[in-house]
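K.L.:
Just to be clear, the model below is a prediction. Sequence and coordinates:
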Amino acid sequence: MRYGLRQLLGIVAICAYTHAHADPLDNTRANWRIQTGTYLQYEQAREETLHELRNHGPGFGLVAQLQRNGASNTHTLRFDLPIGVTFDRYAIPAISLRYGLVGEGYWRINHKLALGYFGGMTVRNRLFPEWDDSHLYWMSDWSVGPAWSFTLPRYTRYESFGHLAMLSFISRSPQKRTNKLDSVVTLKGFFRTPQTGLALQTLLDVQIATLGIRRRPAANQHWLWEYRLEFARTSETLNYVEVRHQLGGQYVF
């Protein structure tokens, strides 16, 4: 009995040591990782259903990510919650509140290149208290498309990545509204209303893309640093343009 207990304690100690000294993003064996962090952002957007003025300004966001690393593949699920305040040329503010859930999967082609897919949902809400305090403006999408990542030569801890939407279901706030959208007043309506009237669009009508670069943590380290450039643009009938810069860090558990 005592011998069995010593054996069990020895196995537990070995497992704990192995986990503590493993590379947080080691892809040579299947493992699950949780990443949480925050970032600063700078946003530029034009909501043309209200006016053609460009709004721009700072903000910050919270991010949580679940990642599964395999011997030759990686799968992630990322939740994003940024908020910001932007201003037009007349210094009139607008409030930006966005949330998104995006999944990605990569398969290693060689030791530098990985190709895969992405799919997810992003809701971009915007309020204009001084221009129009009665309405919520939004551009929501459910999109799928290819994704890729590439390890930089000579800098193996640095990785460029991106994805591009090929097909998207888009919801836009109505144009020329004269009545307040009362359903948005409730919390349920705030999340449900920006999903109404979804219409299928292709890359020709809607361009949604992400490009970025990240610095992976070394062995025995846990901080991952990342820069992202996110772009969304619709056709003239949908009247929306957005560019977002994000810079921040995540702690890899």
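P.N.:
Good, I have the coordinates. Numbering: from 1, shown residues only.
K.L.:
Next, Thr193: phi, psi?
P.N.:
Backbone torsions of Thr193, given as degrees, to the nearest 10, read phi -60, psi -40.
K.L.:
So what does Thr196 have for phi and psi?
P.N.:
Torsion angles, degrees, to the nearest 10, at Thr196: phi -80, psi 150.
K.L.:
quick one, phi psi at Arg192?
P.N.:
Dihedral pair for Arg192: phi -80, psi -40, per degrees, to the nearest 10.
K.L.:
Kindly apply the preceding question to Gln41 instead.
P.N.:
Dihedral angles for Gln41 - degrees, to the nearest 10 - are phi -140, psi 160.
K.L.:
which ones are touching it?
P.N.:
58-61, 82, 84, 244-247 (Cβ atoms under 8 Å, 6 or more residues apart in numbering). Bear in mind the C-beta positions are built from the backbone N, C-alpha and C, glycine included.
K.L.:
farthest-separated two in these?
P.N.:
Pairwise distances across the contacts of Gln41 peak at 13.5 Å for Gly84 and Leu247 (criterion: Cβ to Cβ).
K.L.:
out of the two, which sits in the busier spot?
P.N.:
Neighbour totals were compared for Gly84 and Leu247, and Gly84 leads with 23 against 13 (other Cβ atoms under 10 Å).
K.L.:
State the distance from the more buried one to Gly37.
P.N.:
17 Å (Cβ to Cβ, to the nearest Å).
K.L.:
where does the chain have low pLDDT?
P.N.:
Scanning the chain for pLDDT under 70 picks out 1-30, 176-185.
K.L.:
at 50 what do you get?
P.N.:
1-5, 7-9, 11-27 (pLDDT under 50).
K.L.:
where do the helices sit along this structure?
P.N.:
Along the chain, the stretches classed as helices by DSSP state H are 2-20, 187-192.
K.L.:
before we move on, the earlier item: go through the contacts of Gln41 and say which is closest to Pro153.
P.N.:
Leu247 (23.3 Å).
K.L.:
Surely that closest one and Tyr39 touch.
P.N.:
Yes. Contact criterion Cβ atoms under 8 Å: Leu247 and Tyr39 qualify, at 5.9 Å.
K.L.:
what is in contact with those two at once?
P.N.:
Residues within reach of Leu247 and of Tyr39 at once, by Cβ under 8 Å, 6+ apart, are 226, 228.
K.L.:
So which other helices or strands are in contact with the strand ranked longest in the chain?
P.N.:
Counting residues, the longest strand found in the chain (DSSP state E) is strand 132-152. Judged by 3 or more Cβ pairs under 8 Å, 6 or more residues apart in numbering; DSSP states H and E, the packing partners of strand 132-152 are strand 93-108, strand 113-128, strand 155-164, strand 167-172, strand 206-215, strand 223-234.
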